[in-house]
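>>> dropping a prediction and its sequence here:
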Amino acid sequence: MAATEIARQAGEGARAVPLSGHVGFDSMPDQLVNKSVNHGFCFNILCVGETGLGKSTLMDTLFNTKFEGDPTQHNQPGVQLKSNTYELQESNVRLKLTIVNSVGFGDQINKEDSYKPIVEFIDTQFEAYLQEELKIKRTLHSYHDTRVHACLYFISPTGHSLKSLDLVTMKKLDSKVNIIPIIAKSDAISKSELAKFKIKITSELVSNGVQIYQFPTDDETVAEINSTMNGHLPFAVVGSTEEVKIGNKMVKARQYPWGTVQVENENHCDFVKLREMLIRVNMEDLREQTHTRHYELYRRCKLEEMGFKDTDPDSKPFSLQETYEAKRNEFMGELQKKEEEMRQMFVQRVKEKEAELKEAEKELHEKFDRLKKLHQDEKKKLEDKKKSLDDELNIFKQKKTAAELLQSQAQQAGGSTTLKRDKERKN
Amino acid sequence: MADTAKTTHPQPAGRPEKGAEFGYVGIDAILEQMRRKAMKQGFELNIMVVGQSGLGKSTLINTLFKSKVSRRSVMPSDEERIPKTIEIKSVSHDIEEKGVRMKLTVIDTPGFGDQINNENCWQPIMKFINEQYEQYLQEEINISRKKRIPDSRVHCCIYFIPPTGHCLRPIDIEFMRHLSKVVNIVPVIAKADTLTLEERDFFKQKIREDLRVNEIEVYPQKEFDEDSEDRMINDKIREMIPFAVVGSDQEYQVNGKRLLGRKTRWGTVEVENTAHCEFAYLRDLLIRTHMQNLKDITSSIHYEVYRVRRLNENNTHPSDQPNGHSNGVPTHEVLSHEM
């Protein structure tokens, strides 16, 4: 048998070697990009906020497209999530965009459970990906990734502070998804109030320990712009799909009697900043964070919950399969035990019922006997009475016949007397 | 509860115009973002070279990457002896070109085909390749796993065919038959400057015939062509394999230019001249056009095959689930609901 030796040079990160000519692997990023372009991209945004804050309008404005959907009513019984997928294309890039809207958030009287459907939805997407990853025959490279990459949290423009519903929801979501808080309908707040509002919001988030998404500052090309933007969070946005003529251009704006709010004017609102950060600079980073941080956390918790542990390097190699087997056997054992128990219980109950029924039967028999006896007694009594009545009747009859006889005798005698008298008269 | 997604195609409001932001969303900026991320992370490539001693393997690798990356150059004291058994030696280098960093690992197999009895010579190599897959799999199924799993899987195996001019030898066929199922094999005719052009063409034809008869699929494999464009490109390559290469790391003056070549008394063989040998095609295939594809096929096909086999190994009874997946998932679902 041939033996093998593996000698690695200088551990990981080996020696740097200079090249004496053009090799050509600088085309690697291009090759990678081409492959991704052929494959297409997908991006999933979750919009959470109270009804009427302009979530759908903002999405329309961001992606410059009229997505379908009518505004929802305020009378939803609970929070629901509606998701729609769209295919957008710009130059040669195809994007599968999924927008998930929270419907009925904040409309109920009791809002304690409002965050639950949202957390459940996010977990469901993670679960689906985990299932695909754990399959034996899997198709990861063609899997349509539905995990939520960014969550836009819409804060209502009260101008004071965050609502407790907002704090609670964001706290529940911050370990599951990248949260980007934005102030909706910010044309309702004046500039000075806005600055105070932003400061209040950020301080409340910090003091409550809510981790919102920070734009990454480790890559020099974008570090500067990202860190500036980090200071402008939360973004105060205005959405509009209507166009108004300003000067000689048509711009997206909202027209009021006292002036026009231009959506893409940086002095008026932070919409351009949001678009820049969300789409043009950090979309890939959002996807990466979702995969490497949030999804890994979910996966770790889920697997630990199911009882898997990491095996140490020198124990048996295949924890997953063996743990599955062990769990399966355990489960079957439990099932069998339960079955036995149920059978026992059933037998017991049957016995009990039988005893009960026997008791009842006995009772019935007794009752029957008693009744019968009673009946017989009654019958006897009646017969006796009948007999005595019969006797009386007989005596009476006898007397009657005797009386009749007497009477008929008396009549005969009377008749002969009459005859005698008649005879005497005649004579 | 979320409704099921339906795909619709709304009309985009405008085309991107130069200068005017009107109508331009900026989705295609993601390409730039990806590129940036890739540059920051760097790339990894693991190449294995297999062939008898003296076929010019180390020289070829040095020529491909234009630097001294082969084992010989790194461990000069080690050589001039032919090992008694097959050894597997891998050497890693960090190279950089125009801002793109790459970690190149060259895996050498001295001793292959050098013994008198070469039976099962492919086994140690197969074992090594599977070990790399196993290492990756172990890391992947960890509960807490690294952000980027270090990829030591062999992306490409260059197999050197000695220039006999006749046909493939049994050892070649055996090796390629076993290994083409687990790794991408790129066969090359070594030291091709000993064959004339006609002999070369004849040899190539014979080799292709032998490969076809033995049902050996070398890279680029026909079954992995994604679309007709791919197939066209790959068909052209398939017409040319195996590449007849000549390696050299010495430069000579030819027609006023300094070129890599081999100088003999009857002329100089230019390595990068496509009329002389096919080194340039090999380099283009491996590095400039198909490197990403090599890695993709390794990770999404060869590795997945290994994974399926490994995960099924402990399944003594295949589960008869209605959805046709013979996997542990349905059980796993039941378990998770019951727990």
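Nice, I can see it. Residues are numbered from 1 along each chain as shown, chains lettered A, B, ... in the order given.
>>> mind checking the SS state of residue A:105?
Three-state call for residue A:105 (DSSP: H, G, I helix; E, B strand; the rest coil): coil.
>>> what sits closest to it if chain neighbours are left out?
Nearest residue to residue A:105, sequence neighbours excluded (C-beta to C-beta, 6 or more residues apart in numbering or on different chains): residue A:79, at 5.1 Å. For the C-beta atoms, the positions are set from N, CA and C on the backbone; glycine is no exception.
>>> pretty sure the one you found sits against residue A:118.
Yes. With contact defined as C-beta atoms under 8 Å, residue A:79 and residue A:118 form a contacting pair (6.9 Å).
>>> which residues are in contact with the residue nearest to residue A:105?
Contacts for residue A:79 (C-beta atoms under 8 Å, 6 or more residues apart in numbering or on different chains) come out as A:102, A:103, A:104, A:105, A:108, A:113, A:114, A:116, A:117, A:118.
>>> can you check what pLDDT the model gives it?
Residue A:79 carries a pLDDT value of 84.
>>> go on, residue B:302?
So, for residue B:302, pLDDT stands at 92.
>>> with residue B:319 instead?
In this model, residue B:319 is scored at 36, pLDDT.
>>> ditto for residue A:6
Looking at residue A:6, its pLDDT reads 37.
>>> check residue A:201 too.
Looking at residue A:201, its pLDDT stands at 90.
>>> likewise for the one 3 residues further on?
At residue A:204 the predicted local confidence, pLDDT, stands at 90.
>>> quick check: closest non-adjacent residue to it.
Using C-beta to C-beta, 6+ apart, the closest residue to residue A:204 is residue A:162 (5.1 Å).
>>> what is the burial count for that neighbour?
Number of residues near residue A:162 (other C-beta atoms under 10 Å in any protein chain shown) recorded here: 22.
>>> list the contacts of residue 283.
By default, I'm working from chain A. Residues near residue A:283 by C-beta under 8 Å, 6+ apart: A:43, A:149, B:27, B:29, B:30, B:33.
>>> nope, chain B please
By C-beta under 8 Å, 6+ apart, residue B:283 lies in contact with A:23, A:24, B:64.
>>> one more: residue B:308?
Under the criterion of C-beta under 8 Å, 6+ apart, the contact list for residue B:308 reads A:136, A:137.
>>> where's it relative to residue B:222, distance?
Counting by C-beta to C-beta, to the nearest Å, the separation of residue B:308 from residue B:222 is 21 Å.
>>> what of residue A:336?
Here residue A:336 is placed at a distance of 52 Å from residue B:222 (C-beta to C-beta).
>>> the residue nearest to residue A:204 reaches residue A:203, doesn't it?
No. Counting by C-beta under 8 Å, residue A:162 sits too far from residue A:203 to count as a contact (10.0 Å).
>>> now do the helices in the stretch 201-339 of chain B.
B:228-240, B:279-283, B:291-297, B:303-313, B:329-338 (DSSP state H, counting those that start in this stretch).
>>> quick one: low-confidence parts of chain A?
Residues of chain A that meet the criterion pLDDT under 70 lie in A:1-15, A:68-72, A:308-324, A:415-427.
>>> going by length in residues, pull out the top helix of it.
For chain A, the longest helix by residue count, based on DSSP state H, is helix A:319-426.
>>> report all helices and strands that that one contacts.
Where contact means 3 or more C-beta pairs under 8 Å, 6 or more residues apart in numbering or on different chains; DSSP states H and E, helix A:319-426 is packed against helix B:303-313, helix B:329-338.
>>> ok, the spatially most central residue of chain B - contacts?
The residue lying closest to the centre of chain B (C-alpha atoms, centre = their mean) is residue B:156, at 2.2 Å. Residue B:156 makes contact with B:45, B:46, B:47, B:48, B:183, B:184, B:186, B:219, B:286, B:294, B:298 under the criterion C-beta under 8 Å, 6+ apart.
>>> and the fifth one, what pLDDT?
The predicted local distance difference test score for residue B:183 is 92.
>>> now it, nearest residue through space, not along the chain?
Distances taken as C-beta to C-beta, 6+ apart put residue B:157 closest to residue B:183, at 4.9 Å, once the chain neighbours are dropped.
>>> state whether residue B:101 is indeed within a strand.
Yes. Counting by three-state DSSP, residue B:101 falls inside a strand.
>>> wait, what's in contact with it?
Counting by C-beta under 8 Å, 6+ apart, residue B:101 touches B:39, B:42, B:43, B:94, B:95.
>>> the second one contacts residue B:104, doesn't it?
What that stands for is residue B:42. No. Using C-beta under 8 Å, residue B:42 is not in contact with residue B:104; the gap is 10.7 Å.
>>> out of the two, which sits in the busier spot?
Shown here are residue B:42 and residue B:104; by other C-beta under 10 Å, residue B:104 has more neighbours (23 against 13).
>>> and that one, helix, strand or coil?
Judged by three-state DSSP, the three-state class of residue B:104 is strand.
>>> quick check: bridge partners of it?
Applying DSSP bridges to residue B:104 yields these beta-bridge partners: residue B:45, residue B:93.
>>> pretty sure it sits against residue B:67.
No. Contact criterion C-beta under 8 Å: residue B:104 and residue B:67 do not qualify, at 9.4 Å.
>>> so for those two, which residues contact both of them?
B:93, B:95.
>>> how many neighbours does the residue in the stretch 101-250 of chain B that chain A sits nearest to have?
Residue nearest to chain A within the stretch 101-250 of chain B (C-beta to the nearest C-beta): residue B:124, separated by 4.4 Å. Per other C-beta under 10 Å, the neighbour tally for residue B:124 reads 21.
>>> where along chain A do the strands fall?
Here chain A has its strands, by DSSP state E, at A:6-8, A:15-16, A:41-48, A:80-90, A:93-103, A:150-155, A:179-183, A:235-236, A:243-246, A:249-256, A:259-262.
>>> which one of the helices of the stretch 201-339 of chain B lies nearest to residue B:258?
When the helices of the stretch 201-339 of chain B are compared for distance to residue B:258 using C-beta to C-beta, the nearest one is helix B:279-283, at 16.6 Å.
>>> tell me how far the closest one lies from the chain's centre.
Relative to its parent chain, helix B:279-283 has a centroid offset of 14 Å by C-alpha atoms, centre = their mean, to the nearest Å.
>>> likewise for stretch A:367-386?
In terms of C-alpha atoms, centre = their mean, the gap separating the centre of stretch A:367-386 from the centre of its chain is 72 Å.
>>> can you give me the buried ones in it?
By 16 or more other C-beta atoms under 10 Å in any protein chain shown, stretch A:367-386 has no buried positions at all.
>>> same check on stretch B:93-113?
Neighbour counts over stretch B:93-113 (16+ other C-beta under 10 Å) mark B:93, B:95, B:97, B:100-113 as buried.
>>> for it, measure first residue to last.
Using C-alpha to C-alpha, to the nearest Å, the end-to-end distance of stretch B:93-113 comes to 27 Å.
>>> again, but for stretch A:61-77
Per C-alpha to C-alpha, stretch A:61-77 runs 29 Å from first to last residue.
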